[in-house]
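J.: build me a model:
(2 chains)
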Amino acid sequence: MINLKNADPDFKWEIIKKEGGEGLLKCFGCSDCAASCPVRYFDDRYNPRKIIRLTLLGMKKQVLSSAFLWLCAHCHACTERCPQGIIVAEVINAIKNYAVEQGYCPEGYKVQLDLLRKMGRLYEVEDFDLKKRQKLGLPPIDKTIPEVKKILEYTNIIKYVNSKPQVPNTKQDDSSIQMKMEKK
Amino acid sequence: MKKYALFLGCTVPVRAQHYELSARNTAKELGIEFVEMSGASCCGFPIKAVDAETALLIAARNISIASKMNLNIITLCNSCTAMLSDAQLELKKNSFYKKFKELGFSYPHEITVKHFVRMLYEDIGIEKIKASVKKPLTSLKGAAHYGCHYMRPSYLYGFDNPEIPHTFDELISATGAQSIDYYDKKMCCGGSVLGIDENLAITMANHKLSIAKDSQADALVSICPFCTVMYEDNQRKAEAKFEIQYGLPVLYYPQLLGLSFGFDKNAVGIRFNRVRPNALLEKIGGQS
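T.: Predicted structure coming up:
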């Protein structure tokens, strides 16, 4: 149910300002993105066209608090087929970036940010790994790369590591649509 | 001798050493020299969803390391390839370049970023690879898994056909193996949503496992460490969830290539494959 009384007409302009959000206004709603989407193939809750339409209408809270926004696999299947030349996966990513700014950062991403802050990489390089590499004749690698922390501080992204959790809302979207989990 | 900077990323050097080992050994055989990128970090892709600009700056810093060496970058992971290629494009924008400079980084030489497999196809060529094959794997059927960021987005790569890709199939055929045609070849592995919704990610991985198995493939052939996490490491989970037995080996392409070069199975790190490819090795000549 869309109630335009709750619409924020500035929402789309906020997204357009973000890195990757530029193409948003060109969408004419043909649904090629949704038809090409491998995630949507398995899970009807995710629909790139719907996210873009809601954004254009200004349904800010509904979009930003939706858990389904985060299901985009960033595979660019949509980008290749958009007849308007919109880089759809980047538009969705721009909306994710904006959602984080507004306090909706999934916990998993906070963990990854923290790992990058501490080590500059996602997996810890233990002495065991270095020994294993040596045994295989592979060259040594750096255990930590502190310069990554410098970048996280420069863009001030580091502040999201400890930001207050706001659980994205899984209920307000189409709960009527059942997840297709049976074997294809 | 062709010389490149090798970008390892996060997953390959600690979780997929067999991929790295086989890539290095096959490259050496083909006359390629890899130079280490000292100080290289994560590519930035894992936090792109949090902030694209930060991810691009992390990627650009890695490009800076190779640029100072004046060497083109070779990557082993699809997502690293996309992230670094994106940053390379971004470096041409003034506003981004300014921030990059402010952080104290430099980009003295324009360099390119290519996936290992694309480099094999474009810089080495099918004919030269065929000429290096000493033990054609004619009895094998391989199911090519391209992964999303090998040829998409096409505006970053301008390589292969994003709708009907063929380069990787040709490279599999070059080893003597048959690259099978199967339904939904371009399907995403689900790796990107694993941290958000495991059920969905496993369902996506299961889709391709079941098709590849039905197509009589001896192995799924992967060129991305994260796709392999989904198809190999999570194969048990898919089997448990859908009450089915796959036992489908997942080989990295350079492993397959190395076997066709006549390498010993240790030179391509077969013992690190979690789904044991014993039947496959027996088929190609009793190495199991």
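J.: now the residue sitting furthest away from the middle of chain A: how far from residue B:266?
T.: The outermost residue of chain A relative to its centre, with distances by Cα atoms, centre = their mean, is residue A:135 at 38.8 Å. As judged by Cβ to Cβ, to the nearest Å, residue A:135 and residue B:266 stand 11 Å apart. All C-beta spots, glycine's among them, are computed from the backbone N, C-alpha and C.
J.: domain parsing for the chain?
T.: Answering for chain A, as no chain was given. A:4-101, A:107-162 (automatic domain parsing).
J.: um, chain B though
T.: Taken from automatic domain parsing, chain B resolves into B:2-116, B:134-283.
J.: okay if I get those as TSV plus distance to residue A:126, mean neighbour count and mean pLDDT?
T.: As requested, the domains of chain B are exported to TSV (distance: least, Cβ to Cβ, whole Å; neighbours: other Cβ atoms under 10 Å in any protein chain shown; pLDDT from 0 to 100):
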stretch	distance to residue A:126	mean neighbour count	mean pLDDT
domain B:2-116	8	21	97
domain B:134-283	17	21	96
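J.: quick one, which of these is nearest to residue A:76?
T.: domain B:134-283 (4.1 Å; Cβ to Cβ).
J.: so residue B:33 is in which element?
T.: Taking DSSP states H and E as the definition, residue B:33 sits inside strand B:32-36.
J.: off-centre distance for the next helix or strand along the chain from that strand?
T.: Downstream of strand B:32-36, the next assigned helix or strand under DSSP H and E is helix B:52-69. Its chain's C-alpha centre and that of helix B:52-69 lie 20 Å apart, by Cα atoms, centre = their mean, to the nearest Å.
J.: could you check the angle strand B:32-36 makes with helix B:52-69?
T.: Relative orientation of helix B:52-69 versus strand B:32-36 (axes from the mean of the first three to the mean of the last three Cα atoms, to 10 degrees): 120 degrees.
J.: what about helix B:52-69, near chain A?
T.: Yes. Counting by Cβ under 8 Å from any Cβ of the partner chain, chain A is contacted by helix B:52-69 at B:52, B:53, B:54, B:56, B:57, B:58, B:61.
J.: related to what we said a few turns ago, the strand holding residue B:33 packs against which elements?
T.: Using 3 or more Cβ pairs under 8 Å, 6 or more residues apart in numbering or on different chains; DSSP states H and E as the contact test, the elements touching strand B:32-36 are strand B:2-7, helix B:17-29.
J.: thinking again about what came up before, for residue B:152, which of the domains of chain A is the nearest?
T.: Nearest to residue B:152, of all those, is domain A:4-101, at 4.1 Å by Cβ to Cβ.
J.: residues touching the residue of chain B most remote from its centre, list them.
T.: Here chain B reaches farthest from its C-alpha mean at residue B:102, the gap being 32.9 Å by Cα atoms, centre = their mean. For residue B:102, the contact set (Cβ atoms under 8 Å, 6 or more residues apart in numbering or on different chains) comprises residue A:154.
J.: kindly report the same for residue B:48.
T.: Per Cβ under 8 Å, 6+ apart, neighbours of residue B:48: A:74, A:93, B:55, B:83.
J.: any idea how far residue B:187 is from it?
T.: For residue B:48, the distance to residue B:187 (Cβ to Cβ) stands at 22 Å.
J.: one more: residue B:193?
T.: For residue B:193 relative to residue B:187 (Cβ to Cβ), the value is 13 Å.
J.: with residue B:206 instead?
T.: To residue B:187, residue B:206 is 11 Å away according to Cβ to Cβ.
J.: cool, and residue B:17?
T.: Distance from residue B:17 to residue B:187, by Cβ to Cβ: 27 Å.
J.: which stretches of chain A form helices?
T.: Secondary structure of chain A (DSSP state H): helices at A:11-17, A:32-36, A:38-42, A:48-57, A:60-64, A:77-81, A:88-101, A:107-119, A:127-136, A:147-154.
J.: pull the residues that contact the longest one.
T.: Residues from elsewhere that reach helix A:88-101 (Cβ under 8 Å, 6+ apart): A:14-15, A:18-21, A:23-24, A:33, A:48, A:51-52, A:55, A:63-64, A:69-70, A:72, A:74-76, A:78-79, A:82, A:105, A:109, A:160, B:48-52, B:153.
J.: 7 Å - rerun?
T.: A:14-15, A:18-21, A:23-24, A:33, A:48, A:51-52, A:55, A:63-64, A:69-70, A:72, A:74, A:76, A:78-79, A:82, A:160, B:48-52 (Cβ atoms under 7 Å, 6 or more residues apart in numbering or on different chains).
J.: hmm, back to that, ok, the residue farthest from the centre of chain B to residue A:65 distance?
T.: Computed as Cβ to Cβ, the residue B:102 to residue A:65 distance reads 34 Å.
J.: list the contacts for residue 5?
T.: You didn't pick a chain, so chain A it is. Residue A:5 sits next to no residue when contact means Cβ under 7 Å, 6+ apart.
J.: chain B, not that one
T.: Residues in contact with residue B:5 (Cβ under 7 Å, 6+ apart) are B:35, B:37, B:66, B:69, B:71, B:72, B:73.
J.: then residue B:171?
T.: By Cβ under 7 Å, 6+ apart, residue B:171 lies in contact with B:117, B:120, B:121, B:129, B:253.
J.: now residue B:217
T.: Listed by Cβ under 7 Å, 6+ apart, the contact set of residue B:217 reads B:141, B:142, B:143, B:180.
J.: in TSV, list the residues you listed along with distance to chain A and secondary structure.
T.: Formatted as TSV, those follow (distance: Cβ to the nearest Cβ, whole Å; DSSP: H, G, I helix; E, B strand; the rest coil):
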residue	distance to chain A	secondary structure
B:141	22	strand
B:142	22	strand
B:143	17	strand
B:180	19	coil
